[in-house]
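I'd like to go over a predicted model; first the sequence, then the structure.
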Number of protein chains: 4
Amino acid sequence: MAQRRLRLGMVGGGQGAFIGAVHRIAARLDDRFELVAGALSSDPQRAQASAAEAGIARSYADWREMARAEAARDDGIDAVAIVTPNHLHAPVATAFLEAGIHVVCDKPLAISLAEGEALAKLAREKNKLFALTHTYSGYPMVRYARELIDTGELGELRLVQVEYAQDWLAEPIETSGTNKQAGWRTDPALAGPAGCLGDIGTHAYHLAAFVMGMTPSSLAAEVHTFVPGRRIDDHVQAMLRYANGARGMLWASQVASGAENALRLRVYGTKANLAFDQEQPNELWFTPLGGSAERLTRGRVKSAIAAHATRVPAGHPEGYLEAFAQLYKDAALQIEALDSGRALPAESLLLTTVEDGVAGLRFIDAMLASSTADGQWREIGGV
Amino acid sequence: MAQRRLRLGMVGGGQGAFIGAVHRIAARLDDRFELVAGALSSDPQRAQASAAEAGIARSYADWREMARAEAARDDGIDAVAIVTPNHLHAPVATAFLEAGIHVVCDKPLAISLAEGEALAKLAREKNKLFALTHTYSGYPMVRYARELIDTGELGELRLVQVEYAQDWLAEPIETSGTNKQAGWRTDPALAGPAGCLGDIGTHAYHLAAFVMGMTPSSLAAEVHTFVPGRRIDDHVQAMLRYANGARGMLWASQVASGAENALRLRVYGTKANLAFDQEQPNELWFTPLGGSAERLTRGRVKSAIAAHATRVPAGHPEGYLEAFAQLYKDAALQIEALDSGRALPAESLLLTTVEDGVAGLRFIDAMLASSTADGQWREIGGV
Amino acid sequence: MAQRRLRLGMVGGGQGAFIGAVHRIAARLDDRFELVAGALSSDPQRAQASAAEAGIARSYADWREMARAEAARDDGIDAVAIVTPNHLHAPVATAFLEAGIHVVCDKPLAISLAEGEALAKLAREKNKLFALTHTYSGYPMVRYARELIDTGELGELRLVQVEYAQDWLAEPIETSGTNKQAGWRTDPALAGPAGCLGDIGTHAYHLAAFVMGMTPSSLAAEVHTFVPGRRIDDHVQAMLRYANGARGMLWASQVASGAENALRLRVYGTKANLAFDQEQPNELWFTPLGGSAERLTRGRVKSAIAAHATRVPAGHPEGYLEAFAQLYKDAALQIEALDSGRALPAESLLLTTVEDGVAGLRFIDAMLASSTADGQWREIGGV
Amino acid sequence: MAQRRLRLGMVGGGQGAFIGAVHRIAARLDDRFELVAGALSSDPQRAQASAAEAGIARSYADWREMARAEAARDDGIDAVAIVTPNHLHAPVATAFLEAGIHVVCDKPLAISLAEGEALAKLAREKNKLFALTHTYSGYPMVRYARELIDTGELGELRLVQVEYAQDWLAEPIETSGTNKQAGWRTDPALAGPAGCLGDIGTHAYHLAAFVMGMTPSSLAAEVHTFVPGRRIDDHVQAMLRYANGARGMLWASQVASGAENALRLRVYGTKANLAFDQEQPNELWFTPLGGSAERLTRGRVKSAIAAHATRVPAGHPEGYLEAFAQLYKDAALQIEALDSGRALPAESLLLTTVEDGVAGLRFIDAMLASSTADGQWREIGGV
């Protein structure tokens, strides 16, 4: 028998937003969710219009009311997707967790470490799903990279180079007043204290941690703003140290002219290296010490882990939306298990968690602290 | 206001099939269709189980009955997706067109030119949509390639090289009895007289025609079977001549060891060339005479045509499922127009048609005829 | 002890020529030849000036005299490099062979099969080296490709795709009067009956034969001229059949807008395929049936054959001049063996021979004959 | 008239060395030098045998004697190539400069900044050429990259990412006793205080400076040794700051498993970025803000600067030896000018200088100092 589709609500993601539409496609793609309720905008009229456009049955003007009302319905939502600007992630998530509703939340988790830790505590107490959408960990070749390292194919890890380059903020477009994305993402009141750092730096950090299976113990950083008048960072760079002696570098930039969405990871161990480029996500490069590069491809690698995250055969490219859909697929598996008191299915366990979100906030704190101290090495807590 | 989701039925695509699941995701992705009815297998029990698994409300044991019953319901399906083996395309499509139901059909159109021409005639008479799923024409960069040629950026066309290489039939896997795909695709009773030629040769032919805006006037071909005992071709190659003097070559192979799904097109004009590789569908290479190659990317090119076929920004890769979804999105636009007596929307007109399917059957006929005549040049009718 | 540098003469290659300077660098690169004599132009003054510019001690106004005079000297040249337009290859080579001087000759061998066969006979009788400079067979990764096939890594060969695309003749530049290269290469009196076919089609043909270890038994061809007013072909295409049942395609074009020097070979066997692109000569792609592509690199592959043709370690790219130099290095090895009555050293035996040149002329003849017969299949003699 | 070939001597580069043979080919390739004298080894017998093998007429057992003797001959060498281990660069260069002989020297310039500065002073006083072989600045596409930045095509520079990764020292091969290269390069007595840092870190640093037209004002570094027991660094990484506000990162590693000779540079300005990969030296990628990447190729770009550093047409790859040869070609131009009292020719001025070498030593000093101070930012002197 087919599973019942889970009922999904959404907070944020009204007209003019980017990530809301992505979440809607992602939730729908593998047919495990049905979007039935939403508070898509803080402006009631816009909320209503956005919901109608998205074919959402129940539209709310206020997310607090939505949490209460949905919790009260027999056919209320099973889960909520939170796609607001960063400053609302924690309050909204808190409200829905309190109402007993599972949460899928965009990153970064919150705008302060304290907020994030409180949320993690609450999620554990309520025994509800809290999935953080670090999209790139949904790619099969990213998961396969993790598997290769986990099974020792790279040997002892020595080096990591991770970077995330974009160019869309190379000029002060936030001053135009017409770019809603640029507006809130460069406004510390909405985005939190970290700009590029929180927006894409955390993706780079998470990707490296996810694939390597370990996070750095300390870092030396520079958090920088290039565009005159900008109120938040638009470029960050750091050196990394790991407990096992590994070294690395991380940089993220939204002023890297010519870059589209260039998230790239390279990890070198004593036996081999691997390289992943988000813009070519159907492939993973593996090169042994002294040897030739192999271009491993989605659909051809023998891996149950990769197969779980793929839909079509080798040579039929999948992309960003499928990676995103994978997070929803895994979320559905976990929600069904939680709701029926079963253990979480093994194949769903690569889903990013609220703890991953807390780790991201610790990274942000350490970056800001090191940069303030002119690049002194800083411990990253919680490792 | 949001459009109502169109009601979709499906014939074929039961358990063990490949393309049925692809159609289901594609129809769902852009939220314009709801799959409500199906005759997913000729085996009633399998049909029932497959429908339940796919979450389909109304399951039929027989497609003839499905056509009758759905036509009679007030909430009957608006359109049917035909994903059976080739020999059923025409009979099933005929039944649904006769019942006044729009058709989305997998390729090739039919197993004979006569059958295909009759179908085209019927579709015109009934004034119903007949969309043929030549998936690759749904890629934004393929449509942009067509636009570049159409607007003269290549100058007068001189050369085309098109190829489609796979390796999954390099060995006689159809004799195993366990590979359902290999079984019917190498059985002339189910696949028709053309194996590799009909399965992927027609894709290559259509892609070149779609991008170039013209079809060859004649060809000299070799239709070949490499694997001993195989009852159908597994490799074809041809030289092409065009009315304007252009020359070209086409090959398609399912025994090209190492190839995944390597559909590639290169077109050279007097001013420039362009190159597209289906396995890297977010990019299109453009190189002027005497100049440097430009890697044009989805999301960065300035084109309303490309933008209509894309969902996420530059650097966020889309893939095969999105290309397929594009055909369903365009089909929805056309169905809504047809049902309300409006002209077909301009942005939907790149959808592949029943005439494209007839052109593909003419290509098959000419290939078989030329090969039988040891490669003599043969006219391709209907140009 | 170091070998004495061999004394080299040159016929052709005066000011304005391209390939003469390439031969001079190639002969010098591995330090086995010293260029001491030349008849660089049929214009005595230009011959003198060109020789002075190239630092050549003995300049002749006439190649016949040069052959006689050098043969008579104690310190006369050991070998001559022939870099004239095609129509002179055979007469010049004949004169030097008759004078007992080894020959290194640019391709194509001659402007007719009869001429070529006579030359081959003469070279055998005189027991002198006759090396034809099919440059691309000097690349280590081309030789390694041949080795992989020879040792069975691809299994039984099934398919070949070989192509050579350039764009420098896309427009009628030969009418300008100022482009010496374009002038003679499009003049049948100097180039022979084959234009693009002789100039680069023979390179493509030779590359495929060299790597595959076999030549096709028959072909069906189209020899075409795109540029109005041009007196010779500028585009050729053909289908190929091999005695073992393999199939293939070959095309060569000098009107392929945007192409630089795009000589590419792909060979598919029952077990794997390999792909080589002359513009990236330090790598060779190997992909097994059902598997992942491996990017094999010069300097990393374990092969004495490849090592013999390389000078610097992995990651330090070699190029066209080194490939060309390899032919001279192998020629030196053979000359020393011939002059001292020793057997030719095994490592030198991949040097292209006069028989390779005859095979190229047979290919030209078959292409022209098939094209004249509207693409009928024609046997290629001498296989 | 042809120029007379300059007479070249060589110190170091005997049997078992790598770079000596490279210098010999490079000096010969463009036919501007003739190698006539050498002190190829400190072991007299090996020196004699090495010279004979290399076809060198005059072999010396001692480089001091060579400097004296050659200076005294009428036909003495014009220039000496120094290809010894690092600790001898300065003493040997001093001896030849004192003898009035031009110097071409491998990098790093010396094993201490004081030594290097003294050398620079001496070279200026003697008015002799001192060329440092930072090979990679001989590539035409590197020079073209510099030209693009110099003419403002990138706008104001903001970011640089430069890296040089190899894997040949990933294991403690220096302990084998059989690898001469690994032996001296990991021995501080011969290599100086900087291992990977001096060997390839200086190449990365110079490449970035050469292309950007500016050096960083300060850096924060980590100099590290991964392989247990190794006496010298094998991995370095640093963050960079420039006077104009630009930021950057540099890393170099000889333990990056799988890497061959991966020297890569990316520079981002306000208007565009460019990217160069030494392993694909015939191309340079240029991508404007918000636009598409262009693959600029050697031979196709319109640039007198690039043309001066190239020998064969577009599509005919050049490589490492040609880049190296370019330094010798430029050195010949400068020697001829210096010897005849003419101004240095403009086209030769991109040749790396003794000042470039001093800058490299300042970089080494700052890296070591910062790393010792646990990554504190350190000024780089002399900017």
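All right, it came through fine.

in terms of contact, does A:Ala221 touch A:Ser371 like I think?
Yes. Counting by Cβ atoms under 8 Å, A:Ala221 touches A:Ser371, with 4.8 Å between them. C-beta coordinates here come from the backbone N, C-alpha and C atoms, glycine included.

so where's chain A uncertain?
In the predicted model of chain A, residues A:1-3, A:383 satisfy pLDDT under 70.

how about the helices in it?
A:19-29, A:44-53, A:63-72, A:89-98, A:113-126, A:140-150, A:180-185, A:188-191, A:196, A:202-212, A:304-308, A:320-339, A:354-372 (DSSP state H).

could you name every residue contacting both of A:Ala221 and A:Ser371?
Residues within reach of A:Ala221 and of A:Ser371 at once, by Cβ atoms under 8 Å, 6 or more residues apart in numbering or on different chains, are A:Val236.

more neighbours: which of the two?
Taking other Cβ atoms under 10 Å in any protein chain shown, A:Ala221 and A:Ser371 do not tie; A:Ala221 has more neighbours (29 against 22).

so who does that one touch?
A:Ala221 is in contact with A:236-239, A:366-368, A:370-371, A:375, A:378, counting by Cβ under 8 Å, 6+ apart.

show me which residues of the stretch 251-383 of chain A sit near chain C.
The stretch 251-383 of chain A comes close to chain C at residues A:290-297, A:300-301, as judged by Cβ under 8 Å from any Cβ of the partner chain.

how does it look with 7 Å?
For the stretch 251-383 of chain A, the contact set with chain C under Cβ under 7 Å from any Cβ of the partner chain comprises A:291-297, A:300.

can those go into TSV with extra columns for distance to A:Ala209 and neighbour count?
As requested, these are exported to TSV (distance: Cβ to Cβ, whole Å; neighbours: other Cβ atoms under 10 Å in any protein chain shown):
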residue	distance to A:Ala209	neighbour count
A:Gly291	27	18
A:Ser292	29	20
A:Ala293	24	21
A:Glu294	24	22
A:Arg295	25	18
A:Leu296	21	22
A:Thr297	25	22
A:Arg300	27	21
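
what's the closest of those to B:Asp30?
Nearest to B:Asp30 among those: A:Thr297, at 26.9 Å, using Cβ to Cβ.

residues in contact with that closest one?
Going by Cβ atoms under 7 Å, 6 or more residues apart in numbering or on different chains, A:Thr297 touches A:282-283, A:314, B:260, C:292.

tell me how chain A divides into domains.
A:6-128, A:139-312+A:358-379 (automatic domain parsing).

that older thread, and the residues of the stretch 251-383 of chain A next to chain C, which of them are in strands?
Using DSSP state E, A:293-297 are the members of those that sit in strands.

list the contacts for the residue of chain A positioned farthest from its centre?
Largest separation from the mean C-alpha position in chain A: A:Gly290, at 35.0 Å (Cα atoms, centre = their mean). Shown in contact with A:Gly290 (Cβ under 7 Å, 6+ apart): D:Asp167.

what's the separation between it and D:Cys196?
17 Å (Cβ to Cβ, to the nearest Å).

still on that earlier bit, with distance to D:Glu98 added, can I get the ones in strands among the residues of the stretch 251-383 of chain A next to chain C in a markdown table?
A markdown table is the format used below for those (distance: Cβ to Cβ, whole Å):
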| residue | distance to D:Glu98 |
| --- | --- |
| A:Ala293 | 49 |
| A:Glu294 | 54 |
| A:Arg295 | 55 |
| A:Leu296 | 58 |
| A:Thr297 | 61 |
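
can you pull the contacts of the residue nearest the centre of chain A?
The centre of chain A sits closest to A:His134, judged by Cα atoms, centre = their mean, with a distance of 1.7 Å. Counting by Cβ under 7 Å, 6+ apart, A:His134 makes contact with A:107, A:203, A:206, A:352, A:356.

which one of those is nearest to chain B?
Comparing the contacts of A:His134 against chain B with Cβ to the nearest Cβ places A:His203 closest, at 12.2 Å.

is it true that A:Met10 touches A:Ala81?
Yes. Using Cβ atoms under 7 Å, A:Met10 is in contact with A:Ala81, at 4.7 Å.

number of residues surrounding A:Thr135?
By other Cβ under 10 Å, 26 other residues sit near A:Thr135.

out of everything not next to it in sequence, what's closest to it?
A:Phe324 (5.0 Å; Cβ to Cβ, 6 or more residues apart in numbering or on different chains).

look up how far A:Asn86 lies from the one you found.
Using Cβ to Cβ, A:Phe324 is found at 18 Å from A:Asn86.

and which of the residues of the stretch 251-383 of chain A next to chain C is nearest to C:Leu6?
Nearest member of those to C:Leu6, counting by Cβ to Cβ, is A:Ser292, at 36.5 Å.

A:Val104 bridge partners, please.
Counting by DSSP bridges, A:Val104 forms beta bridges with A:Ala81, A:Ala131.

surely it meets A:Ala79?
Yes. Using Cβ under 7 Å, A:Val104 makes contact with A:Ala79 at a distance of 5.9 Å.

any shared contact partners between these two?
With Cβ under 7 Å, 6+ apart, A:Val104 and A:Ala79 have common neighbours A:Ala331.

so which residues on the stretch 51-200 of chain A come close to chain B?
Counting by Cβ under 7 Å from any Cβ, the stretch 51-200 of chain A sits next to chain B at A:52-55.

by neighbours, which of the residues you listed wins?
A:Ala54 (20 neighbours).

thought that one was touching A:Arg24?
Yes. A:Ala54 is within contact range of A:Arg24, at 6.2 Å (criterion: Cβ under 7 Å).

mutual contacts of the two, please.
Common neighbours of A:Ala54 and A:Arg24 (Cβ under 7 Å, 6+ apart) are A:Leu35.

quick check: A:Leu109 touching A:Ala359?
No. Contact status for A:Leu109 versus A:Ala359: not in contact, 9.2 Å apart, counting by Cβ under 7 Å.

who's more crowded, these two?
A:Leu109 (32 against 23).

quick one: residues contacting that one.
A:Leu109 neighbours (Cβ under 7 Å, 6+ apart): A:89, A:116, A:119, A:132, A:354, A:357-358, A:360-361.

quick check: the gap between it and chain B.
22 Å (Cβ to the nearest Cβ, to the nearest Å).

same deal with A:Ile380?
As judged by Cβ to the nearest Cβ, A:Ile380 and chain B stand 28 Å apart.

got the contact list for that residue?
Counting by Cβ under 7 Å, 6+ apart, A:Ile380 makes contact with A:215-219, A:362-363, A:366.

of those, select the buried ones using a ChimeraX command.
ChimeraX command restricting the contacts of A:Ile380 to the buried ones, with burial defined by 16 or more other Cβ atoms under 10 Å in any protein chain shown:
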select /A:215,216,217,218,219,362,363,366
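
return the member of the contacts of A:Ile380 nearest to C:Ala145.
Nearest to C:Ala145, judged by Cβ to Cβ, of these is A:Pro216 at 43.6 Å.

who are the contact partners of A:His23?
A:His23 sits next to A:10, A:13, A:81, A:83 when contact means Cβ under 7 Å, 6+ apart.
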